[in-house]
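Asker: could you work out the structure for the sequence below:
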Amino acid sequence: MDQSVAIQETLAEGEYCVIAVQGVLCEGDSRQSRLLGLVRYRLEHGGQEHALFLYTHRRMAITGDDVSLDQIVPVSRDFTLEEVSPDGELYILGSDVTVQLDTAELSLVFQLPFGSQTRMFLHEVARACPGFDSATRDPEFLWLSRYRCAELELEMPTPRGCNSALVTWPGYATIGGGGSNFDGLRPNGKGVPMDQSSRGQDKPESLQPRQNKSKSEITDMVRSSTITVSDKAHILSMQKFGLRDTIVKSHLLQKEEDYTYIQNFRFFAGTYNVNGQSPKECLRLWLSNGIQAPDVYCVGFQELDLSKEAFFFHDTPKEEEWFKAVSEGLHPDAKYAKVKLIRLVGIMLLLYVKQEHAAYISEVEAETVGTGIMGRMGNKGGVAIRFQFHNTSICVVNSHLAAHIEEYERRNQDYKDICSRMQFCQPDPSLPPLTISNHDVILWLGDLNYRIEELDVEKVKKLIEEKDFQMLYAYDQLKIQVAAKTVFEGFTEGELTFQPTYKYDTGSDDWDTSEKCRAPAWCDRILWKGKNITQLSYQSHMALKTSDHKPVSSVFDIGVRVVNDELYRKTLEEIVRSLDKMENANIPSVSLSKREFCFQNVKYMQLKVESFTIHNGQVPCHFEFINKPDEESYCKQWLNANPSRGFLLPDSDVEIDLELFVNKMTATKLNSGEDKIEDILVLHLDRGKDYFLSVSGNYLPSCFGSPIHTLCYMREPILDLPLETISELCIFKFRES
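Answerer: Numbers count the residues shown, from 1 in each chain. As a prediction, this is how the structure comes out:
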């Protein structure tokens, strides 16, 4: 979700949040979540200045009320942002990015999530740096004085326990001094607690810059904030710029079998519903007993924390407890590196690899989807990690679906929602996001909550006692739903040779003796999809008694495509030679299936989509929607083209969706008639001509987005009023005020 919208609501007129990223502020052993926003201010003489706004927040920032301004760091000449590596830790491509922010007055260390959003954030920060040209005058940051003034007006003492360290820069007043735990004044009139509880201290000794760089070198490093990888297997994962690179990449993908071979790697997949308990037992009986050391561990938990604090707020101590327990339970015959941890309330997924494989992991992305209360909350849902291992794309999903025996259709819908809403950004932001199905290998694990139906409790227990699992499996809801092709189509599950993993009395192997007396069921499952996958084991682990569930594990041999360097070099040379022979004399030309788009009866907060197809001729081309003269965006705020840019190989097609969505930011002008559903889009071809697309339509005015004083003067429903009348009422009230 784009959290810059929440920051924008806290800013004054003329200030614009360019991009935001959620990170963790690291101070010694302390870890505190922060929302970092790069804010731009346009000066009267035409220049611009930037500052980094740091916010505290207690949940996902959706509106301005969800964030509190903590600190402002002007992007001045002494501002640097350098990637650092924790001393002694193995660097893994795809792990969280640790960056150090330095100015003359402070030093802060943040952990930012690996992915395209962080790359874009670092790129924008680098662009915002003033540079080192002596002819350019120093930034003055006079626009930031309002924040200092708003704080001073409160005239309140610093709360006990707050660090009142000041953020200063030469020749300008301090910003952020004298913190307070109450609402201050935002420039737009809303309250912002100016919490000073976290301030930069001395640089942690465990964090050292990778190299001693000059300021210009640091700037260059930040601007090229992608990771340099020498391994040929990763060249396909790195972002490419330019038409030629894109064509080379496309041909390499088409010829992948010419320079790769299949090598088996051992994967461990495990799932455990821990019922809100803390770890009380060694997890080696589950994670490493009786197996050879896996190359990759995929470990999922459900119901990690059942407290209301975990539901409403982001942090829970159980995350660290179970992470530590898993790390200690990994196979003792190998050294492992954590690649990623992702958690949604009580659903957590951990990914580890052997240290020798870490260099071959790339394109790590993690996402969450809530399907619980109101179909969105995180008490139920799924988390996923996708990554590239050598030249094979892998996605691991951990889900906790709806409970109760009669709710199998709700479980089916939860599965479908996770599949449709789980999207991963690609390294190249011009490409559409990836879904779960866009991977070579998919491992799906978790508490799927499917039960045994049509049998009473005693009959189920009798079949278990007789170990007649085949007969019992015939009544398994998941088996029935998969056979009906309502869920997990194309997935495979191994034979269930172990007794149901739910529900037990905690601390024992006895079936549920509570008043509800739940019937035993195989709630905890592991399925897979893809080629070159062999399941070696599928079992439960009865020895662990912490929860009312038993953990489940499965070990796989998965065939991964590995690059042969010599064959890769030959293939690349052939592609380059063939491209060298291409004559690029012709001007790129495309045909559009449609150039005029009419959106009829557009309503507030209701998405409308019109699609068209771009068909390319015989010359490869790059297309992009470009800004019209004197406009900051290629389209109006209520319109979006997806994708807005890309490339086309000869005789290929791409479908473009024009998405129209009116929200509270755009409804006011549409209601009053100040704006209309009218726009012209300019589709530009690199080295080619421009194509013009006409967008028109009509908006149905509503009370949403209309000023309350205007609504008070309406004597009949707004939809029944002529647009001229609404406009006159708005003008009349404006003049009156």
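Asker: surely C26 is in contact with S107?
Answerer: No: checked against C-beta atoms under 8 Å, the pair C26 and S107 is beyond contact range at 11.2 Å. Where C-beta positions appear, they are placed from N, C-alpha and C, glycine not excepted.
Asker: which of these two has more neighbours?
Answerer: C26 (19 against 15; other C-beta atoms under 10 Å).
Asker: in this protein, which helix is the longest?
Answerer: Assignment by DSSP state H gives helix 565-580 as the longest helix of the chain.
Asker: what comes up buried for it?
Answerer: Buried residues in helix 565-580, counted by 16 or more other C-beta atoms under 10 Å: Y568, T571, L572, I575.
Asker: check which helices and strands it is in contact with.
Answerer: Applying 3 or more C-beta pairs under 8 Å, 6 or more residues apart in numbering; DSSP states H and E, we find helix 565-580 packed against helix 243-254, helix 256-259.
Asker: kindly list the main-chain dihedrals of L349?
Answerer: For L349, the backbone dihedrals are phi -130, psi 130 (criterion: degrees, to the nearest 10).
Asker: that should have said K308, apologies.
Answerer: phi -70, psi -30.
Asker: where's it relative to G276, distance?
Answerer: Distance, K308 to G276, by C-beta to C-beta, to the nearest Å: 11 Å.
Asker: these two: who's more crowded?
Answerer: G276 (15 against 8).
Asker: picking up where we left off before, now do the longest helix of the chain against helix 243-254, angle only.
Answerer: Computed by axes from the mean of the first three to the mean of the last three C-alpha atoms, to 10 degrees, the angle separating helix 565-580 from helix 243-254 equals 130 degrees.
Asker: tally of neighbours for the residue nearest to E309 when sequence neighbours are not counted?
Answerer: In this structure, E309 finds its nearest non-sequential neighbour in T316, 7.2 Å apart by C-beta to C-beta, 6 or more residues apart in numbering. When neighbours are defined as other C-beta under 10 Å, T316 has 20 of them.
Asker: how many neighbouring residues does the closest residue to V560 other than its chain neighbours have?
Answerer: Excluding the flanking residues, the one nearest V560 by C-beta to C-beta, 6+ apart is T392, at 4.4 Å. For T392, the neighbour count with other C-beta under 10 Å is 24.
Asker: after the longest helix of the chain, which helix or strand is next? Please name it.
Answerer: Where DSSP states H and E defines the elements, the next helix or strand beyond helix 565-580 is strand 590-592.
Asker: how far is that following strand from where the chain is centred?
Answerer: Counting by C-alpha atoms, centre = their mean, to the nearest Å, strand 590-592 is centred 34 Å from the centre of its parent chain.
Asker: check which residues of whatever helix or strand comes next after that strand are buried.
Answerer: Using DSSP H and E, the helix or strand that follows strand 590-592 in sequence is strand 596-602. Within strand 596-602, the residues that count as buried by 16+ other C-beta under 10 Å are F597, F599, V602.
Asker: mind listing what N449 touches?
Answerer: Contacts for N449 (C-beta atoms under 8 Å, 6 or more residues apart in numbering) come out as H400, L401, A402, A403, H404, E407, R411, C523.
Asker: an error on my part: the question was meant for I342.
Answerer: M348, L349, A366, E367, T368, V383, A384, I385.
Asker: name the SS class of it, please.
Answerer: Secondary structure, DSSP: H, G, I helix; E, B strand; the rest coil: I342 is strand.
Asker: and it, what are its bridge partners?
Answerer: L349 (DSSP bridges).
Asker: likewise D102?
Answerer: Going by DSSP bridges, D102 forms beta bridges with T80, S107.
Asker: and stretch 70-84, how far from the chain's centre?
Answerer: Centroid separation for stretch 70-84 versus its chain: 24 Å, with C-alpha atoms, centre = their mean.
Asker: check stretch 365-380 too.
Answerer: From the chain centre to the centre of stretch 365-380 is a distance of 13 Å (C-alpha atoms, centre = their mean).
Asker: so which bits of that stretch are buried?
Answerer: Judged by neighbour count using 16+ other C-beta under 10 Å, the buried positions of stretch 365-380 are E365, A366, E367, T368, V369, G370, T371, G372, G378, N379, K380.
Asker: in strands only, show me the residues you listed.
Answerer: Taking DSSP state E, the ones among the buried residues of stretch 365-380 that sit in strands are E365, A366, E367, T368, V369, G370.
Asker: fine by me, thanks again.
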